[in-house]
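Colleague: got a predicted structure plus its sequence, pasted below:
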Amino acid sequence: MISKQLKLRKPALALLLGLSVSTVTLAQTSVDGNLESSLDREYPELARLYDAFTVTHAAALDAIAKADMDPQFAQARAELRRQLEQRQDTDEMAHHGMVHGSDHSDSPSTDMNGPYRALDVQARVELDRMLRGDHTGTAAAEAYDNVAALPRHAAMVLAAGRQFQKQLWDLWADPGMSIDAKEQATQAVIEDYQTGDPMHAVSAQYKPVSLYLDHAYAGSLKSAYPRISGLLWSNQWLQLASLEAIIHGQVDPQFEGRVVGTLERYNNKLGSYSGMSMFPSPVEMPTVPTIAPTLYTLAPEASIIIDNLNMLDAAIADIIAYPDLDASTREQAIAEKVAQFTTEEIATDEMSYLLSALRGGIYNQGGPAIGELMGSERNRSRDAMGMQHHMSMSAPN
């Protein structure tokens with residue numbers, strides 16, 4: 001992997017910021033009067049899906065939070081909480097060497113039959129319908145405002161992260177810019193993200209994977225709602241895989257036109273409305289070094305921000321999915337998690353970051369952006385490598 005940091009002087013940075021703005025300003029106008037981005041023009045289906053991903057993600061969080069207050073699921077919540085607490089105790093003992101590794105093969109996260117099976121199926125069908133629909137950019141930008149369980153600050157962090165990714169995707173989809181120009185413009189987008197509204201920007205420091213794998217509520221979403229979890233991570237896979245296909249085609253012309261195949265593989269992962277498919281969805285969080293290595297090579301700092309945003313997404317979803325948390329405890333847990341990802345004080349080194357990403361496995365993270373991988377390339381799980389966490393023993397769903 002090539003890790004390079006682009007350092008720009010202030011005048012050059014101002015010029016590049018102007019360039020990135022003008023790229024959008026000069027875009028063609030669509031039928032409804034909105035500015036049409038490079039992504040809209042070059043990859044309209046991806047542009048539609050990216051907006052749908054945000055709307056779907058927000059709706060999933062809202063549906064999960066509402067289910068936690070529904071009295072008809074009280075017994076299921078109590079049983080799930082018992083299992084999660086027991087699993088956490090087992091992992092803690094494994095961490096201290098009191099047991100030989102944690103095996104979660106009997107947990108509800110190993111199949112598609114979580115404790116809320118009927119609700120999981122019903123929600124998955126509804127989310128699939130939303131995913132296949134059309135959503136305006138405004139609806140996507142305001143989606144997190146409608147999630148009652150999200151504190152205002154957390155919603156603004158997620159919304160700012162969405163906007164950052166949208167700018168990157170639009171930039172790299174532009175066929176009229178050279179790779180060098182895109183690298184420079186990417187640095188300008190990063191600078192704008194981190195300084196324009198620093199309170200709501202995640203750090204560009206390498207964050208330890210334990211922040212989302214080893215907190216008190218980790219693994220709740222996968223255990224409670226395996227179908228919803230698979231859908232959200234499939235969406236995340238496509239975001240990374242499609243961008244990798246776009247960039248790789250620009251770097252090496254022999255790989256041009258591969259976005260169509262990436263979209264086809266994504267649709268195979270979705271399967272039926274209820275989530276049944278012969279093509280397994282990811283069971284580990286897709287990461288940039290694994291799914292989009294070309295992006296990491298060309299824009300490492302942007303890649304770190306993207307992975308930090310996705311880790312924060314996963315941690316927040318787990319907190320919201322944890323059964324029977326009172327509103328105050330949930331809000332405090334989310335606020336603490338957001339603080340961990342927005343501060344510059346918590347960080348790890350590049351090698352630890354890359355090892356954590358790659359140990360998730362290419363196959364388990366959804367497979368490569370270009371080409372096929374028919375089985376896991378790992379000969380050991382995270383548990384076997386001493387990386388206990390609450391999602392490691394999930395079977396392909």
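Modeller: Right, received. Where do you want to start?
Colleague: low-scoring pLDDT stretches of the chain, where are they?
Modeller: Low-confidence segments of the chain (pLDDT under 70): 1-35, 89-114, 272-278, 374-375, 377-397.
Colleague: longest helix in it, please.
Modeller: Using DSSP state H to define each element, the chain has its longest helix at helix 226-251.
Colleague: return the set of buried residues in that helix.
Modeller: 226-250 (16 or more other Cβ atoms under 10 Å). For glycine as for every other residue, the C-beta is placed from the backbone atoms N, C-alpha and C.
Colleague: and the nearest residue to Gly230 once chain neighbours are set aside, backbone torsions?
Modeller: Counting by Cβ to Cβ, 6 or more residues apart in numbering, Gly230 lies nearest to Ser281, which is 3.6 Å off, once chain neighbours are set aside. The phi and psi values for Ser281, taken as degrees, to the nearest 10, are phi -80, psi 170.
Colleague: verify the stated contact: Ser281 with Asn364.
Modeller: No. Judged on Cβ atoms under 8 Å, Ser281 makes no contact with Asn364 at a distance of 10.3 Å.
Colleague: host element of Ala302?
Modeller: Here Ala302 is covered by helix 300-321, with elements defined by DSSP states H and E.
Colleague: hang on, the earlier thing: tally of neighbours for the residue nearest to Gly230?
Modeller: Residues within reach of Ser281, counting by other Cβ atoms under 10 Å, total 24.
Colleague: who are the contact partners of the residue nearest to the spatial centre of the chain?
Modeller: Note on the chain: the residue nearest the mean C-alpha position is Asn310, at 3.6 Å, using Cα atoms, centre = their mean. For Asn310, the contact set (Cβ atoms under 8 Å, 6 or more residues apart in numbering) comprises 236, 285-287.
Colleague: so it versus Phe73, what's the distance?
Modeller: Per Cβ to Cβ, to the nearest Å, Asn310 is found 28 Å from Phe73.
Colleague: which residues of the stretch 151-300 of the chain fall in helices?
Modeller: Applying DSSP state H, counting those that start in this stretch to the stretch 151-300 of the chain gives helices spanning 152-173, 179-196, 210-213, 220-224, 226-251, 259-270, 288-291, 293-298, 300-321.
Colleague: show me which of the contacts of Asn310 is closest to Arg132.
Modeller: Checking the contacts of Asn310 against Arg132 with Cβ to Cβ, the nearest one is Gln236 at 17.5 Å.
Colleague: would you confirm that Gly366 contacts Trp233?
Modeller: Yes. Gly366 sits in contact with Trp233 when judged by Cβ under 8 Å, with a separation of 7.1 Å.
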